[in-house]
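> this is the structure alone, sequence omitted:
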């Protein structure tokens, strides 16, 4: 949707707005966060929140980008394009260092996750735990459910990403192209229908299923994930 505000600006006014946004953004492209040289680079001004999503057609909702970055975003808004660009950088960096695809492990490391062991105890059919590593000394307790067929025991809990790890034994796979669709869906406030699954292994909470859902939420700024935790699972099963 075209901007009436931008269309109303003279060439000089447009250049002045570009310079103003450029200064606000510390001379960086909003999407790729690399330097913009106004003397050398072709730039665009675009809405951060699209007009179609009730974004304002005003200065507070504009950002300046490299023209190439803005064209490459396709149907994504600037916020999503920025997230996907950051993920792309993570993927390229990991591939250059290891020749492997980036995984949940790499995203958690970048976003300050995977730092603390999970301390817990089982009393009276409940799982009791705390997150004292991040200064939360409250004792939480949740019910333990036993599956009637497999007899596996699980609980449901909200876990800070500092306590989450990627299970590289059960699920060593990297991130695939479906991640972009998940990020867009979660950004639209659509709910996560299937929880990520984790297991307790050597004092760590390791996500072994739903890593793409976890990555999408973390990239969107989520600091805690609701997960289903298997207490002492048979990993062969």
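Nice, thanks for sending it over. Because the structure is predicted, anything quoted here is derived from the model rather than measured.
> going forward, measure contacts between C-alpha atoms and count neighbours the same way
Noted.
> now for the lengthiest helix in the chain, which elements pack on it?
Secondary structure of the chain per DSSP state H: the longest helix is helix 78-98. Helices and strands touching helix 78-98, by 3 or more Cα pairs under 8 Å, 6 or more residues apart in numbering; DSSP states H and E, are helix 104-110, helix 179-187.
> reformat these as a markdown table; add mean pLDDT, mean neighbour count and distance to residue 153.
Shown next, in a markdown table, are these (pLDDT from 0 to 100; neighbours: other Cα atoms under 10 Å; distance: least, Cα to Cα, whole Å):
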| stretch | mean pLDDT | mean neighbour count | distance to residue 153 |
| --- | --- | --- | --- |
| helix 104-110 | 96 | 20 | 25 |
| helix 179-187 | 89 | 16 | 29 |
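> among those, which is nearest residue 149?
Evaluated over these, closeness to residue 149 peaks at helix 104-110, with 30.5 Å, by Cα to Cα.
> could I get the average pLDDT for the first helix or strand past the closest one going along the chain?
Later in the chain than helix 104-110, the nearest helix or strand by DSSP states H and E is strand 120-123. Mean per-residue pLDDT for strand 120-123: 94.
> ok, residues contacting strand 120-123?
For strand 120-123, the surrounding residues in contact (Cα atoms under 8 Å, 6 or more residues apart in numbering) are 127-130.
> partner strands of that strand, with direction?
Using DSSP bridges, the strands paired with strand 120-123 are strand 126-131 (antiparallel).
> mind listing what's buried along the strand it pairs with?
Within strand 126-131, the residues that count as buried by 16 or more other Cα atoms under 10 Å are 127-131.
> which one of those is nearest to residue 152?
Proximity of the buried residues of strand 126-131 to residue 152 (Cα to Cα) peaks at residue 127, which lies at 14.3 Å.
> surely that closest one meets residue 141?
Yes: between residue 127 and residue 141 a contact is recorded at 5.4 Å, counting by Cα atoms under 8 Å.
> ok, back up a step: could you tell me which residues within the longest helix of the chain count as buried?
In helix 78-98, counting by 16+ other Cα under 10 Å, buried: 78-87, 90-94.
> what's the closest of these to residue 58?
Nearest to residue 58 out of the buried residues of helix 78-98 is residue 78 (Cα to Cα; 15.3 Å).
> ok so, going back, got a markdown table for the helices and strands packed on helix 78-98, with distance to residue 159 too?
A markdown table is the format used below for the helices and strands packed on helix 78-98 (distance: least, Cα to Cα, whole Å):
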| stretch | distance to residue 159 |
| --- | --- |
| helix 104-110 | 13 |
| helix 179-187 | 18 |
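> for the chain, what are the low-confidence residue spans?
For the chain, the stretches with pLDDT under 70 are 1, 74-75.
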